[in-house]
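Visitor: Below is the sequence, then the predicted model.
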Amino acid sequence: MPPRVTPLTDPETTPSSRRLAWLASGTDGAPVGSAFLRLFTREGQSHLAELEIAVHPAERRQGVGGRLLDAAVSAAREEGRRSLVAQAEAGSPGDLFLAARGFRRVLALTYARLPMADADVASITEIAERPHPDYALTHWEGVVPSGLALSFAHSRRAMDDMPMDDTDYGTVVWDVDRVVSAAEAVAKRGETLHTVAVLDRSDGSDGSVVGFCELVVPGDGRGDAQHYGTGVLPEHRGHGLGLWMKAESIRLARRHHPELGGLLTDTADSNAPMRRINDALGYLPTHSAVEYQLDL
């Protein structure tokens, strides 16, 4: 008898997305799998949906994943979505499942970790303290200071040309409200958002934000922290600003959260500049993942 798939109410609504959810259960009512479909709602990404499917290992190859996928694809079509994306670890059952179900590979990612105990502190400090004429570093915790909010929002276009290969990712449109709500969402989860930014002071002013590096730290300051966006505006690239900011982010993490075990990051394999930065700072690859896309 095929598994029963039940739609659920998911309360996880954010300013930029909402989620649909399904639970698959066996004849005895025991849960055997689940699916979540994130529907992006902001301008520039309203065509996109993101899928997560999990099936208990003992229940695989019983049609559970297929039924969950059918429910999610139908919902994505009903919502008028053009593209459905999903990610799986390379070589995993999820990788094989998505390939067999008509998804195509659009992006390869490498995940890496910097073990804090093994960080080359002297080298990282030297990079962070290296002078960059006409530029200065600043940092904040949580919501961006009001005096930098507008230029910080404008600097987010540094991510517009981030290598995404064939992914139909769209363009994320940022304004002050969005950068504020993103920081507040992290705080609501009980985590801390640390941002290092680089200011352009070439005109003699206090400076405007032209690059940023974000790190989300667990609420208790332990375990592993996760890098979010790191970007430099195109007109300010070629000066080593990305490496400078990420080195300072590491240094601040060590200072403010001495019990952190490591820092996590993920980078598209085609993003050679960021991979070089990670290598220079001592990040070590942990695993690879594949982004899949189903064109609806």
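Guide: Sure thing, it's come through. Residues are numbered from 1 along each chain as shown.

Visitor: can we go C-alpha only for contacts and neighbour counts from here?
Guide: Fine.

Visitor: mind listing what's buried in stretch 192-211?
Guide: 192-200, 207-211 (16 or more other Cα atoms under 10 Å).

Visitor: typo on my end, stretch 101-120
Guide: 103-116, 119.

Visitor: can you pull the pLDDT of the spatially closest residue to Val144 that is not a sequence neighbour?
Guide: Take Val144 and drop its neighbours on the chain: the residue closest to it by Cα to Cα, 6 or more residues apart in numbering is Val180, 7.0 Å away. Val180 carries a pLDDT score of 95 in this model.

Visitor: and what of Ala58?
Guide: 84.

Visitor: Tell me how far it lies from Ser92.
Guide: 15 Å (Cα to Cα, to the nearest Å).

Visitor: Over to Lys188?
Guide: In terms of Cα to Cα, Lys188 sits 33 Å off from Ser92.

Visitor: And for Ser17?
Guide: Taking Cα to Cα, one finds Ser17 at 28 Å from Ser92.

Visitor: what do you get for Ala108?
Guide: 14 Å.

Visitor: Next: Val179.
Guide: On the measure of Cα to Cα, Val179 and Ser92 end up 35 Å apart.

Visitor: neighbour-wise, which of those two wins?
Guide: Val179 (17 against 11; other Cα atoms under 10 Å).

Visitor: Now that one: closest residue in space, sequence neighbours ignored.
Guide: Spatial nearest neighbour of Val179, excluding adjacent residues (Cα to Cα, 6+ apart): Ala153 at 6.4 Å.

Visitor: Could you count how many residues lie near that neighbour?
Guide: For Ala153, using other Cα under 10 Å, the count is 20.

Visitor: again, but for Gly29
Guide: Gly29 has 10 nearby residues by other Cα under 10 Å.

Visitor: tell me which element it falls in.
Guide: Using DSSP states H and E, Gly29 sits in no helix or strand.

Visitor: So what does it look like in phi/psi?
Guide: Main-chain torsions, Gly29, degrees, to the nearest 10: phi 90, psi 0.

Visitor: any idea how far it is from Arg254?
Guide: For Gly29, the distance to Arg254 - Cα to Cα - is 48 Å.

Visitor: ok, and the closest non-adjacent residue to the residue nearest the centre of the chain?
Guide: Central residue of the chain (Cα atoms, centre = their mean): Tyr228, 5.3 Å from the mean position. Nearest residue to Tyr228, sequence neighbours excluded (Cα to Cα, 6+ apart): Glu214, at 5.2 Å.
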